[in-house]
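Q: take a look and give me a structure for this.
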Amino acid sequence: MLWIDTKYAGLISSSLPLFKVKQNNPYMANFRCPICGDSKKSKFKARGYLFTKKNELFYKCHNCGVGSSFGKLLKHVNQSLYDQYTLERYKEGLDIGRQAKPHSKQTFKFEEPKFKKKNILDKHLQRLDKLPDTNRAVQYCVKRNIPKIRWKELYYVDNVQKLEEIHPQYKDKVLGEEDRLVIPFFSKGNLVGITCRALGNESLRYLTLRVDNDSPLIYNIDNVDNSRIVHVTEGPIDSLFLDNSIAVGNSDLKKIGSLLSKDNIVLVFDNEPRNQELVKIISNATDDNYKVVVWPSNIKHKDINEMVLNNIDVKTIINNNTFTGLRLKVNFNQWKKI
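A: Numbering: from 1, shown residues only. Just a heads-up that it's a prediction; the model follows:
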């Protein structure tokens, strides 16, 4: 019976590292696996899940693959509570023995629920290409010369606090009350996060909310053609000006290389030679034999959007200034001295 299972899940929660109730209906909780100890590389990874099936809880670990009934997990964690649990189930006329055996291969399929697009994108947001010219997000995109053909990928929220529903981790957190331009990130058709761009003079220009903490936020990754050149920018707005492009933000370049053909990747970083962190990233990309755009010295604008606003032919400059190997090292060394 589900209410008994969830009751005892709460009782052992303090014994399960990183325990978090991800949703209540249907019930799901996430924590580090107490059987395998979970990830040895990161103490912040939690791959054990309690989930609801046929009015009962079951356990599945996505690290070691163990699947079992909740009762078997409870017995492994706390024998005393397990004894109370079996007695309570017996009083309710339930047979503890009919649940699944621990470590056995389960016939059920389990996937961590992904955020459904309609839950937030349709409930609280409006697609940019369907809004009137008077809308603030529309006016922002017009001012920034963002191509209209890409507006269908962007959204508008009139009160960013509404987005606390995107994931339980944001419930009751103060996100603000201003309106924002919303840029969604998808992976294999599932929403994994959003970035909300301020439309006014808010101190926090970008607000990023995650739905899936394990997935890197890579803008437009589902739509690129990996058989062609893929331009990789830092920010999603810059990527809107280039064909077959993605934006990686703070994602690790190694993750990009594992998702796309490295031979087809062209890295287009911001034009900030005095940014030492950026210089280090480009230096590492150079050592890893990536193709990288090195902006010529006559370009003074810091990113693609600024260049477009100043009538610079960005595509031609990128095509003429993409380097690799020794030529990249020479041009990069000259650029970082500017």
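
Q: rest of the way, CA atoms for contacts and neighbours
A: Fine.

Q: which parts of the stretch 1-150 of the chain are helices?
A: Counting by DSSP state H, counting those that start in this stretch, the stretch 1-150 of the chain has helices at residues 2-12, 70-77, 79-91, 117, 136-143.

Q: for the second one, packing partners?
A: Packed against helix 70-77, as judged by 3 or more Cα pairs under 8 Å, 6 or more residues apart in numbering; DSSP states H and E, are the following elements: helix 2-12, strand 56-61, helix 79-91.

Q: what residues are bridge-paired with the residue lying closest to Leu128 once chain neighbours are set aside?
A: The spatially closest residue to Leu128, leaving aside those adjacent along the chain, is Tyr155, at 5.0 Å (Cα to Cα, 6 or more residues apart in numbering). Counting by DSSP bridges, Tyr155 is bridged to Arg127, Val182.

Q: hang on, the earlier thing: CSV for the helices of the stretch 1-150 of the chain, including distance to Lys336 and mean pLDDT?
A: Formatted as CSV, these follow (distance: least, Cα to Cα, whole Å; pLDDT from 0 to 100):
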stretch, distance to Lys336, mean pLDDT
helix 2-12, 55, 90
helix 70-77, 56, 91
helix 79-91, 62, 87
helix 117, 42, 47
helix 136-143, 31, 97
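
Q: got the phi and psi for Lys291?
A: Phi and psi for Lys291, reported as degrees, to the nearest 10, are phi -80, psi 130.

Q: pretty sure it sits against Val266.
A: Yes. Lys291 lies in contact with Val266 (Cα atoms under 8 Å); the separation is 4.9 Å.

Q: give the residues shared as contacts by the two.
A: Thr322 (Cα atoms under 8 Å, 6 or more residues apart in numbering).

Q: check contacts around Phe19.
A: Residues near Phe19 by Cα under 8 Å, 6+ apart: 13, 29-32.

Q: switch the cut-off to 7 Å
A: By Cα atoms under 7 Å, 6 or more residues apart in numbering, the residues touching Phe19 are 13, 29-31.

Q: shaky segments in the stretch 201-338 of the chain?
A: Within the stretch 201-338 of the chain, the segments meeting pLDDT under 70 span 250-252, 254.

Q: now with 90?
A: 201-205, 209-217, 226, 248-262, 277, 337-338 (pLDDT under 90).

Q: strands along that one, start to end?
A: Here the stretch 201-338 of the chain has its strands, by DSSP state E, counting those that start in this stretch, at 206-210, 230-233, 245-247, 265-268, 291-293, 322-323.

Q: nearest to Tyr49, of those?
A: Set against Tyr49 and scored by Cα to Cα, the strands of the stretch 201-338 of the chain come closest in strand 206-210, at 18.5 Å.

Q: with that, I have no additional questions.
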